[in-house]
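> below are the sequence and a predicted model for it; my questions follow.
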Amino acid sequence: MRRFAVVTTCHAAGYETYGRLMAQTFLQYWPAEVTLDFYTEGFDCELRDGRLRTHDLLASSPGLVAFKQRHADNPVAHGKKPPFRRLTLPGGIAIPLPLRSRKKSYRYNAVRFAHKTFAIFDAARRVDADVLIWVDADTRFFAPVTLEMLDSFMPPDCFVGCLRRPKFTEAGFVTYNLRHPQTAQFLDDFERLYTQDLLFAEREYHDAFLFDVVRERAEARGARSYDIAEGVGAKASHVLINSRLGCFMDHMKGNRKESGQSRAGDLVVARDETYWQECGSAPTKPGKP
């Protein structure tokens, strides 16, 4: 059986709201053979367990520190001022194109989501595992996770496994095959988007969109990725809980963090797990997204 390691990160307020619960339920439900590398942002994790390894994110990621310093006063990099798009014509003539909205948007908050990607970059170099699994810290586990499940999320002939959606991947749960010959180049290309500020040439700046940019480039070279959601993302915007991951975990993305669980309308597939029945979120039959 292959070896697995999980990585996540969050800031101090996030740890109090959801991160501690994520770590506690990981230790409760994940196999004893799987470790959790938790990158902390401005706090010390008080949990003590041989499977839980904590790292200070900024101390571990000089590339992140440099990226944040370069863009400390750049409103575009913080999503406060969406960039103008330009149509480049032959001869180098650039014509500004209007956007639907110039409002602040997470889609352009490169600095915010860089914390996540740099945790992944460091963990990929640090862990002694065959497969690295990114899991968002605003998740919780409620049923046992087996090594066989984890193995199925990362086919050996694929370089990454992810939750596909039409616009961009749901990046709350991503598997990286560290033994695949294409993975190292994929991660190097991903990291260069930040270290060389190449991401600002892309249409959006958040981690999920940039993940897809680099993934598609790897696929153009012949590498194969795997859709963990098995097509569910085409009908469910909250794809994680509607995929087979929903049999053991919840993802409190966005404003779901306040309630501590997903909403009834998030499920478009019938779920019979006790967790979903008790929280009142499970429909009796598949509904509309």
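Arrived safely, thanks for sending.
> so how far is S60 from the residue nearest to M249 when sequence neighbours are not counted?
Counting by C-beta to C-beta, 6 or more residues apart in numbering, F141 is the residue found nearest to M249 once chain neighbours are left out, at 4.9 Å. Just so you know, the C-beta spots here come from the backbone N, C-alpha and C atoms, and that holds for glycine as well. Computed with C-beta to C-beta, to the nearest Å, the distance linking F141 and S60 is 25 Å.
> just V34 next, same as before
Between V34 and S60 the distance, using C-beta to C-beta, works out to 20 Å.
> those two - which one has more neighbours?
Taking neighbours as other C-beta atoms under 10 Å, V34 and S60 compare with S60 leading, 21 against 18.
> who's in contact with the more buried one?
Y39, A119, D122 (C-beta atoms under 8 Å, 6 or more residues apart in numbering).
> which of those lies closest to A236?
Proximity of the contacts of S60 to A236 (C-beta to C-beta) peaks at A119, which lies at 26.6 Å.
> next secondary structure after whichever strand or helix holds that closest one?
Remark: A119 resides in helix 110-126, with elements defined by DSSP states H and E. Proceeding C-terminally, helix 110-126 gives way to strand 131-135 as the next helix or strand, assigned by DSSP H and E.
> same question for that following strand: list its buried residues.
Neighbour-count burial for strand 131-135, counted by 16 or more other C-beta atoms under 10 Å, picks out V131, L132, I133, W134, V135.
> how distant is that strand from the center of its chain?
Relative to the centre of its chain, strand 131-135 is centred 9 Å away, using C-alpha atoms, centre = their mean, to the nearest Å.
> partners of that strand in the sheet?
Paired with strand 131-135 in the same sheet, following DSSP bridges, are strand 4-11 (parallel), strand 170-177 (antiparallel).
> circling back: and the contacts of S60 as CSV, adding distance to A220, neighbour count and pLDDT?
Shown next, in CSV, are those (distance: C-beta to C-beta, whole Å; neighbours: other C-beta atoms under 10 Å; pLDDT from 0 to 100):
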residue, distance to A220, neighbour count, pLDDT
Y39, 31, 27, 99
A119, 27, 26, 99
D122, 27, 22, 99
